[in-house]
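# pasted the sequence and its predicted model underneath.
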Amino acid sequence: MVDPAHAESILSKMAERKARIAIDDFGTGYSSLAYLKRFPISVLKIDRTFIRDLPSSEKDAAICNAVLDLAKHLDLSVVAEGVETEDQLAYLQKRGCQYIQGYLTGKPMAANIAMAALRESMHLKILQPDLRQVAK
């Protein structure tokens, strides 16, 4: 982001080729609301710091709700990072979060193990998808 005009050019070319562009750790660091106007963003990833204390933290709940509402109005997908409990999952599902990642869906694994798991899951027919299946 040293040269935003150059970044915009590159990201636009990627989006033209159907790449989906995500803002990681949304709500922290360098993730600015201005990026939502300037760049062809398609996914927001809510930083785990706002997920960790859900659903008991009113402030975290308010932030998550605001991001989910913003994403809905801008037609963006949302990934909640760091989901570790069923309560967090239920809260996010109820509010329309499309995707999750975190220890609830599985711990980090070596690439060869992940590939084997993906190959196996491709053979499963999921009649009623839930967020845990999508994120595996």
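That came in fine, so what should we check first?
# centre-most residue in the protein?
With distances taken as Cα atoms, centre = their mean, V79 lies nearest the centre of the chain, 1.6 Å away.
# can I take it that that residue is in a helix?
No: according to DSSP: H, G, I helix; E, B strand; the rest coil, V79 belongs to no helix; its state is strand.
# tell me the helices and strands packed up against the host helix or strand of A71.
Taking DSSP states H and E as the definition, one finds A71 inside helix 58-73. Secondary-structure packing of helix 58-73 (3 or more Cβ pairs under 8 Å, 6 or more residues apart in numbering; DSSP states H and E): strand 41-46, strand 77-81, helix 86-94. Any C-beta I mention is one placed from the backbone N, CA and C, and that applies to glycine too.
# ok, now with 10 Å
If contacts are counted by 3 or more Cβ pairs under 10 Å, 6 or more residues apart in numbering; DSSP states H and E, helix 58-73 sits against strand 21-26, strand 41-46, strand 77-81, helix 86-94.
# residues making contact with the shortest one?
Contacts of strand 77-81 from elsewhere in the structure, counted by Cβ atoms under 10 Å, 6 or more residues apart in numbering, are 20, 22, 24-26, 41-52, 54, 64, 67-68, 70-72, 88-89, 91-93, 95-102, 131, 134-135.
# any quick PyMOL command for the buried ones out of those?
Of the contacts of strand 77-81, the buried ones go into a single PyMOL selection, burial set by 16 or more other Cβ atoms under 10 Å:
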select buried, resi 25+26+41+42+43+44+45+46+47+48+50+51+52+54+64+67+68+71+88+89+91+92+95+97+98+99+100+101+102+131+135
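# in contact with the nearest residue to D25 once chain neighbours are set aside, which residues?
Sequence neighbours aside, D47 is the residue nearest to D25 in space, at 4.3 Å (criterion: Cβ to Cβ, 6 or more residues apart in numbering). Listed by Cβ under 10 Å, 6+ apart, the contact partners of D47 are 24-29, 31, 63, 67, 80-82.
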